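>>> Just to be clear, the model below is a prediction. Sequence and coordinates:
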Amino acid sequence: MKVVIVGGVAGGATAAARIRRLDEQARIVVFERSGYISYANCGLPYYIGDVITDPQALTLQTPESFYVRFRVDMRVRHEVTAIHPDKKTVSVKNLETGETFEESYDKLILSPGARPAQPKVPGTGLDRVFTLRTVEDTFNLKKYINEHRPKSAVLAGGGFIGLELAENLRELGMEVTIVQRPRQLMKPFDSDMAAFIHSEMTRHGVKLVLGRTVEGFVENGDGVDVLLKDEAPLHADMVALAIGVTPDTALAKEAGLALGVKGSIVVNDRMETSVPDIYAVGDAVQVKHSVTGLDDLISLAGPANRQGRIAADNICGGDSRYPGSQGSSVIKVFDMTAAVTGVNETNARKAGLDVDRVILSPMNHAGYYPGGKLMTMKVVFEKKTYRLLGAQIVGYDGVDKRIDVLAAAIHGGMKATGLKELDLAYAPPYSSAKDPVNMAGFMIENIEKGLLKQWFLEDLDKLSRDGSVTLLDVRTEGEYNRGNIDGFKNIPVDELRERLDEVEQGKPVYVICQSGLRSYIACRILAGYGYEAYNFAGGFRFYDAVTNDRCLIESASACGMDQ
């Protein structure tokens, strides 16, 4: 059996190694357009920022090492220019010599990946306008920085690459501005959770220009002007495009393979395309979102590796199935960690799901143990069924641990209420006896049992100030005086029982505290005396972060908060 693989890196290289482990006699040929067959593309921004200093560290395997270990014919700087399914051949061009030839196959795996999305605006080809996707891109950008010592950069795009590159350029001492059309960074997160990411970026000196459209790039002296629609241009010494990626599927389209979302290659759960004996894996393929069941395009290294393994299994006579992508990811944002799994609230609603959520701010470990830090968690679940749909966490220590627990729970089909039952490891330096994941489960169980009724930030403007409802802040007087929401009366929770005569019977009571815990206790006290009480999800800390972020983005002067 002869297997030809188009593209290396995550999916293609994984498939090649797996095929060899399953079939020692198979002939395996990999054609890779770049000069590198397997590299750590997630580490590229950290090479720019001198966190990774050895360029060889980016190369996970060389053609020589791969051949020695797996006897795979790895041909770099070879571009497949056409697929001929009728003849079961591919046309190949040697980019070093210009030679062209045809290569036959019994089975073909396409792992072309994705290319940086290029805005259709003038100036993208300027010398000072860069993309960052391949090792060659990285070396070009690093060479420019070393030779020209730019002092400022504009990054077009606020996804994973944009944020990682922004951090690393700031560590080099550069002024950095991120500009993009969406009004938030990191679209896998809901806008309220993205507010914490925005805060961390601006705290480290990154300027955010959100909700603006880039219309082109023009050389101006020793730098570049970034032209914005209806705004003054931004000037910088260099520009990096990080507005996302597009499936690199021109070959598949020309060969007649079925295409799906954003031109991605349609595959079944065995990673088979619409054409017999042709498989596809990685960033170029359409997948099912494992939570919503909808067709999606999820470009992450973990899924690409698993897909390569599955294609290899099936080529070698197995029957492996890909269950879909869940979208679990994590990113370092200066001192903060932000992580997500499953589907966020925004996309769950777009998918037609009837959802609810809890927002909590637990410590990463026992409060009495020194060095504890807060994290903010948002857990999304389906009403009535309590099916766990997704989670987002922003914080410092312990974020990655909790998102992985939640990712496993979603994959296992656990109900959100079941989080309370998880038997998680505890010691004071690492967690609390009631882990943050357990706490989310307790809150959701309280909703199921009717013990917790919530109100949310979007409800604030609907709350009447005509006296028909009671607005109650149960923090301490000092906390209240440092910042509060207009119209909320302050009665500290520990004084509430003695001051119930100040809370009029027969009116709904909307309660807030700093994190949501004391206000929940207040709601239970009020319920015990016959009041209908609602707890604010996330607490004043959450309200403050989100509303301040929105005010900054909108340049609004009235934020609805009395300081």
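Structure's in. What do you need? The structure displayed is predicted, hence computed values, not measured ones.

>>> So which other helices or strands are in contact with whichever helix or strand Ile83 is part of?
For Ile83, the host element (DSSP states H and E) is strand 78-84. When contacts are defined as 3 or more CB pairs under 8 Å, 6 or more residues apart in numbering; DSSP states H and E, strand 78-84 packs onto strand 27-32, strand 89-94, helix 250-254. In this view, the C-beta of every residue, glycine as well, is placed from N, C-alpha and C.

>>> count of residues packed around the nearest residue to Thr177 once chain neighbours are set aside?
Spatial nearest neighbour of Thr177, chain neighbours left out: Lys207 (4.2 Å); criterion: CB to CB, 6 or more residues apart in numbering. For Lys207, the number of neighbouring residues by other CB atoms under 10 Å comes to 15.

>>> I'd guessed Lys207 sits against Ile178; true?
Yes - using CB atoms under 8 Å, Lys207 is in contact with Ile178, at 7.3 Å.

>>> What count of nearby residues applies to Lys98?
Quick fix: residue 98 is Gly, not Lys. 7.

>>> State the distance from it to His78.
Noted for Gly98: a distance of 12 Å to His78, by CB to CB, to the nearest Å.

>>> what does Leu526 give?
Using CB to CB, we find Leu526 at a distance of 71 Å from His78.

>>> Tell me the first helix or strand C-terminal of the host helix or strand of Pro303.
Using DSSP H and E, the element containing Pro303 is helix 301-315. Following helix 301-315 in sequence order, the next helix or strand is strand 329-333 (DSSP H and E).

>>> tell me the phi and psi of the spatially most distant residue from the centre of the chain?
Centroid-distance maximum for the chain: Asp501 at 48.3 Å, with CA atoms, centre = their mean. Main-chain dihedrals, Asp501, degrees, to the nearest 10: phi -70, psi -10.

>>> Against Lys383, how distant is it?
Taking CB to CB, one finds Asp501 at 36 Å from Lys383.

>>> next one: Gly173
In terms of CB to CB, Gly173 sits 50 Å off from Lys383.

>>> Please identify which of those two sits among more neighbours.
Lys383 (12 against 8).

>>> show me what contacts that one?
Asp354, Val355, Asp356 (CB atoms under 8 Å, 6 or more residues apart in numbering).

>>> among these, which are in strands?
Counted as lying in strands by DSSP state E, out of those, are Val355, Asp356.

>>> for the contacts of Lys383, which one is nearest Pro233?
Nearest to Pro233 among the contacts of Lys383: Val355, at 41.1 Å, using CB to CB.

>>> my guess is that closest one meets Thr346, correct?
No - at 9.8 Å, Val355 does not count as touching Thr346 under the criterion of CB under 8 Å.

>>> Show me which of those two is the more surrounded one.
Legend: neighbour count by other CB under 10 Å for Val355 and Thr346, higher for Val355 (19 against 16).

>>> show me what contacts that one?
Val355 touches Glu345, Ala348, Arg349, Val380, Phe381, Glu382, Lys383, Leu389, counting by CB under 8 Å, 6+ apart.

>>> hmm, 10 Å instead?
343-349, 380-383, 387, 389-390 (CB atoms under 10 Å, 6 or more residues apart in numbering).

>>> how close does it get to Asn364?
To Asn364, Val355 is 26 Å away according to CB to CB.

>>> the strands in the stretch 201-350 of the chain, which residues?
Secondary structure of the stretch 201-350 of the chain, counting by DSSP state E, counting those that start in this stretch: strands at 207-210, 214-220, 223-228, 234-236, 238-241, 245-247, 265-266, 278-280, 285-288, 295-296, 329-333, 336-342.

>>> Stretch 81-91: how far from the chain's middle?
36 Å (CA atoms, centre = their mean, to the nearest Å).

>>> First-to-last residue distance for that stretch?
5 Å (CA to CA, to the nearest Å).

>>> That one: which residues count as buried?
The neighbour-count check on stretch 81-91 (16 or more other CB atoms under 10 Å) flags Ile83, Pro85, Lys88, Thr89, Val90 as buried.

>>> just stretch 483-501 next, same as before
For stretch 483-501, burial by neighbour count (16+ other CB under 10 Å) applies to Asn484, Ile485, Phe488, Ile491, Pro492, Val493, Leu496.

>>> out of the residues you listed, who's nearest Gly12?
Ranked by distance to Gly12 (CB to CB), the buried residues of stretch 483-501 are led by Ile485 at 54.3 Å.

>>> Just confirm that closest one contacts Tyr543, I think it does.
Yes - with contact defined as CB atoms under 10 Å, Ile485 reaches Tyr543; the gap is 6.9 Å.

>>> Find me the pLDDT at the most centrally placed residue in the chain, would you?
In the chain, the residue lying closest to the centroid (CA atoms, centre = their mean) is Pro188, at 4.6 Å. On pLDDT, Pro188 comes in at 95.

>>> quick one on the thing from earlier: what's the most buried one of the strands of the stretch 201-350 of the chain?
Sort those by mean neighbour count, taking mean count of other CB atoms under 10 Å, and strand 278-280 sits at the top with a mean of 28.

>>> on contacts alone, who are the packing partners of it?
strand 2-6, helix 9-22, strand 107-110, strand 265-266, helix 301-315 (3 or more CB pairs under 10 Å, 6 or more residues apart in numbering; DSSP states H and E).

>>> Name the residues contacting each of Lys207 and Ile178.
Val154, Ala166, Met201.

>>> surely the last one meets Leu185?
So that's Met201. Yes - under the criterion of CB under 10 Å, Met201 makes contact with Leu185 at 7.1 Å.

>>> Name the residues contacting each of the two.
Here Met201 and Leu185 have Gly158, Leu163, Ala166, Ile178, Leu208, Val333 as joint contacts, going by CB under 10 Å, 6+ apart.

>>> Would you format those residues as JSON lines with pLDDT and distance to Gly8 included?
Output for the shared contacts of Met201 and Leu185, formatted as JSON lines (pLDDT from 0 to 100; distance: CB to CB, whole Å):
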{"residue": "Gly158", "pLDDT": "92", "distance to Gly8": "29"}
{"residue": "Leu163", "pLDDT": "95", "distance to Gly8": "26"}
{"residue": "Ala166", "pLDDT": "96", "distance to Gly8": "28"}
{"residue": "Ile178", "pLDDT": "96", "distance to Gly8": "31"}
{"residue": "Leu208", "pLDDT": "95", "distance to Gly8": "36"}
{"residue": "Val333", "pLDDT": "96", "distance to Gly8": "30"}
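
>>> Turn those into a markdown table, including distance to Phe217.
Below are those laid out as a markdown table (distance: CB to CB, whole Å):
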| residue | distance to Phe217 |
| --- | --- |
| Gly158 | 18 |
| Leu163 | 21 |
| Ala166 | 18 |
| Ile178 | 15 |
| Leu208 | 19 |
| Val333 | 26 |
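
>>> and which of those residues is nearest to Asp435?
Asp435 lies nearest to Val333 out of those, by CB to CB, at 23.3 Å.

>>> Report the two of the contacts of Val355 separated the most.
Spatially, the most separated pair among these is Thr346 and Arg387, at 17.5 Å (CB to CB).

>>> What ranges in the stretch 1-150 of the chain fall below the confidence cut-off?
39-40, 60 (pLDDT under 70).

>>> Now do Pro428 against Ser464, distance only.
Separation of Pro428 from Ser464 (CB to CB) stands at 46 Å.

>>> the bottom helix or strand of the chain by mean pLDDT?
Least confident helix or strand, the chain: strand 561-562 with a mean of 42, by mean pLDDT, DSSP states H and E.
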